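Colleague: sequence below, structure please.
(one chain, ligands or ions: 2)
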Amino acid sequence: AERYAVKESEAHWQQVWAERACFRATEDPERPKYYVLEMFPYPSGRIHMGHLRNYTMGDLVARYRRARGHMVLHPMGWDAFGLPAENAAIQRGVHPATWTRENIAAMRDQFKPMGLSIDWTREIATCEPEYYRHEQKMFLDFLKAGLAYRTETWVNWDPVEHTVLANEQVIDGKGWRSGAPVERRKLAQWSFRITRYAEDLLQAIQDLDRWPDKVRAMQTNWIGRSEGARVRWDLADRDDALEVFTTRPDTLYGASFCAISPNHPLAAELARDNPDLAAFIAECARLGTSEEAIETAEKRGFDTGLRAVHPLDPSWTVPVHVANFVLMEYGTGAIFGCPAHDQRDFDFARKYDLPILAVVAPRDTDPVAFAADLTAGTEAFVGDGVAINSRFLDGLGVADAKRAVIERLESLGKGEGTVQYRLRDWGVSRQRYWGCPIPVIHCPSCGIVPVPEDQLPVTLPEDVTFDAPGNPLDRHPTWAHVDCPTCGTAARRETDTFDTFVESSWYFARFCAPHSDTVAFDRAAVDYWLPVDQYIGGVEHAVLHLLYSRFFMRALRDCGYLAGAEPFAGLFTQGMVTHETYQAADGSWLEPAEVERTDDGGARRLSDGAPVTVGRSEKMSKSRRNTVDPERILDTYGADAARLFIVSDNPPDGDMEWSDAGLEGAWRYVNRIWRLVAAPPVPLPPAGTPVPVADLDAPTLGLYRRAHKTIAGVTEDLERFRFNTAVARIRELTNALGDLKADAPGAAAVARFCVETAVRLLNPMVPHLTESCWQALGGSTILAESDWPQADPAHLVDDTVTLAVQVNGKLRGNVSLPRDCPKAEAEAAALAVDNVRAHTEGKTIRKVVVVPNRIVNIVVG
Ligand code: ANZ
Ligand code: ZN
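Modeller: Numbers count the residues shown, from 1 in each chain. Ligands and ions are numbered 1, 2, ... in the order given. Next comes the predicted model:
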């Protein structure tokens, strides 16, 4: 038979799909919709294996849903603003816009041979004014709604990149890209008030039942709800007070100090005439503001000399320290320390020789001995117990003691119960050129003036230079200089641009009607398509991107843009693509393409045969050089083999190890499927030939039933993202076809049914091959426009069942029988089993109980 001509086939079908506009998304209110979205790519210029895996999975889902009769939306776009474009401009002198647009064109060309079922008419790039003008309008609406505001905040400043970094971009106190030690700086920043929705964002996680538990837990932790109290400590010899936040007000009688953040206003005030304190604060600033850095640094403090008065006992005062472990952004930026019941406070107290007084003891211990041991030891007691040494609280459990203290504090006007979230507002200002301009103007007399809506978009100027550090927008000779829209005075544009996470927080909604230019969202379209039914992407976006998108939906809803609060009804996080690593004798890393595996399990260098050490499989990375170029794979083996390998290798949420052997296995299977069609084991009857079920012998009927079971099993698997087991089932079916007796009655019709079934079930995974097969089989439609096969429930039951045979309650054997066979037949078969005969011979059979399809129980005496 003729070989499968992969190149011609794949090119041909891609053209057919395009010409017939098979994947153009349309709305039909009468039919169910399904919105499949993979996280859109950053246009780095080249696709990588992670893309190949991600988009293959999404495509499988999209094709499957389309076959199931859904109206499917499966779009593609580009997350096109961001730093790398600017770095390219600095390093290579190419304009960020040019670099980005060229990369988009290159990557689009690389994606096309994958045969993705994407509606390319909806393509968007976030760097184009047609896109970001709507973002500017949203910002103005957020501003009116109090959801966007400007404030002075402490930020992580990257001195090399000249920009603010999010906490997650600070790793071990250094910028994630530059590697330069990050500085703390105070800067006027635009922020989005995500905290307004903290409770709602938290509660709604409960209903995201098609999200991985792991991601839900990460979101929950990120929002970080804590119940506690705000407590006011008067400052001795001053007429102000220090407000602290605590989750353990029950430990108030164990307080031995108060501590404030180095960024607390009081610290700044005291530092003005205390150079030592100022030096200490400066040193803390070098730590960065990330919690991680603060958590791991040595705990240090500076005694301010001030004393704070205990809120429940005016005769009791404690010292006030500035401490490096107190964050300004959490709670009130001030704490009271209770060393006995907090390890940080314990270590701090040891270091600065402060009292350690136990005020909670485990139940049923001697409180005096417990307190003495704790004070002498090295560890705080953080468990549950009862209050001791705590006056009116003594004997109460932790929860009751908390309630009692809060009540007392409230009645004294010294504090109140409160809920605190770890979640902070989202700082969106970046001192960068390649981002969406923030549409406000700073007027010397009016202050901040929003750009009037009829002057949107505020577009980026193209004529900028990258020859000096800092933001090119600041240096531009004219762009920032405008007249105030309100009073006409010479004013200045905001030169900060948005964090690129802003664009990715609403792109999924824009895809519903990407070309409507008067409004961001065509209401009918978003009402129809949202939420995204299945979102697929990397777990590295499990916190920020998803949370920001959830915030945006709520903010947009409250500004009247759309209905609904959750952007993604279903979420799937795919694993990484890994590859073996190779090292030459001198320790240098070698690319997979430079290495050949040897039969003894070793490897050698292709160029000179020198031995190569094979290392463990790791995430593909430039540093290990263990990357494989998707373009070459597609070019050599075609899209289908690559797609098949991707989905059959491993569960999709696990890591997948890329290997030549695995890919070649998939390639062989592609060719086997083709041969099944081109040279079937039995000459196939014409399409539509019915299977003469009543005439089939047992093995042929078994095969026919297996095909139905395969349909049911694969359908179930695809619903649950078990792509690998789906492929395994189809392989079992095609293997079983090898056992078909060609001359059995109805064999040819059954063979045809099995081949058709395999081809149709494989379509979402290997769409080109299966279209070619379908055509060769005489299909009158193309599979991209065909329905999903249906299993006949009548053929899903097993035709034989195994019954256990017991003699006087002991298992003595098994019999295989037709399902639902008459009791007398079951009884006779059971009694005929050798081992049963051995246990019944010479005895009287008193009773035989048959539980149909399960057990035959024989009672002998
Ligand atoms: C007194 C106390 C006694 C505390 C005790 C704990 C145990 P979560 O659970 O994360 O909300 N804290 C409050 N604000 C802080 C800040 N800005 N920077 C650093 N630490 C801060 O933690 C709340 C606890 O962390 C608070 O309860 C406070 O210490 C500390 F036996 O208050 B606790
Ligand atoms: Zn003005």
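
Colleague: contacts and neighbour counts: CA atoms only from here.
Modeller: Will do.

Colleague: and the end-to-end length of stretch 496-512?
Modeller: 29 Å (Cα to Cα, to the nearest Å).

Colleague: for the protein, longest helix please?
Modeller: In the chain, with assignment by DSSP state H, the single longest helix is helix 698-719.

Colleague: buried stuff in it?
Modeller: Using 16 or more other Cα atoms under 10 Å as the burial criterion, the residues of helix 698-719 that qualify are 700-715, 717-718.

Colleague: again with stretch 581-593
Modeller: Under the neighbour-count criterion of 16+ other Cα under 10 Å, stretch 581-593 has 581, 582, 583, 584, 589, 590, 591, 592 buried.

Colleague: filter these down to just the ones in strands.
Modeller: Using DSSP state E, the subset of the buried residues of stretch 581-593 located in strands is 581, 582, 583, 589, 590.

Colleague: what about the third one, distance to residue 615?
Modeller: The spacing between residue 583 and residue 615, counted by Cα to Cα, is 7 Å.

Colleague: quick one: least confident helix or strand in the protein?
Modeller: Lowest on mean pLDDT, DSSP states H and E among the helices and strands of the chain sits helix 291-296, with a mean of 70.

Colleague: that one: what's the following helix or strand?
Modeller: On the C-terminal side of helix 291-296, the closest following helix or strand by DSSP states H and E is strand 301-309.

Colleague: which strands and helices sit next to that following strand?
Modeller: On a contact count with 3 or more Cα pairs under 8 Å, 6 or more residues apart in numbering; DSSP states H and E, strand 301-309 meets strand 225-235, helix 275-285, strand 317-323.

Colleague: can you do 10 Å?
Modeller: strand 225-235, strand 241-246, strand 257-260, helix 265-271, helix 275-285, strand 317-323, helix 343-352 (3 or more Cα pairs under 10 Å, 6 or more residues apart in numbering; DSSP states H and E).

Colleague: tell me the buried residues in the fifth one?
Modeller: This points to helix 275-285. The neighbour-count check on helix 275-285 (16+ other Cα under 10 Å) flags 277, 278, 280, 281, 284, 285 as buried.

Colleague: from the contact counts, what lies against it?
Modeller: Secondary elements touching helix 275-285 (3+ Cα pairs under 10 Å, 6+ apart): strand 183-192, helix 265-271, strand 301-309, strand 317-323.

Colleague: each with direction, which strands does the first one pair with?
Modeller: Taking DSSP bridges as the criterion, strand 183-192 pairs within the sheet with strand 148-158 (antiparallel), strand 426-427 (antiparallel).

Colleague: that strand to helix 275-285, inter-axis angle?
Modeller: Orientation check (axes from the mean of the first three to the mean of the last three Cα atoms, to 10 degrees): strand 183-192 against helix 275-285 gives 60 degrees.

Colleague: and strand 183-192, what's buried?
Modeller: Neighbour count says strand 183-192 has 183, 184, 185, 189, 190, 191, 192 buried, by 16+ other Cα under 10 Å.

Colleague: same list (these) but as TSV, adding pLDDT and distance to residue 248.
Modeller: Output for these, formatted as TSV (pLDDT from 0 to 100; distance: Cα to Cα, whole Å):
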residue	pLDDT	distance to residue 248
183	86	32
184	82	30
185	86	31
189	92	33
190	97	34
191	96	31
192	98	30
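
Colleague: can you put those residues in TSV and add distance to residue 655?
Modeller: Listed next are these as TSV, based on distance: Cα to Cα, whole Å:
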residue	distance to residue 655
183	36
184	38
185	40
189	39
190	39
191	37
192	35
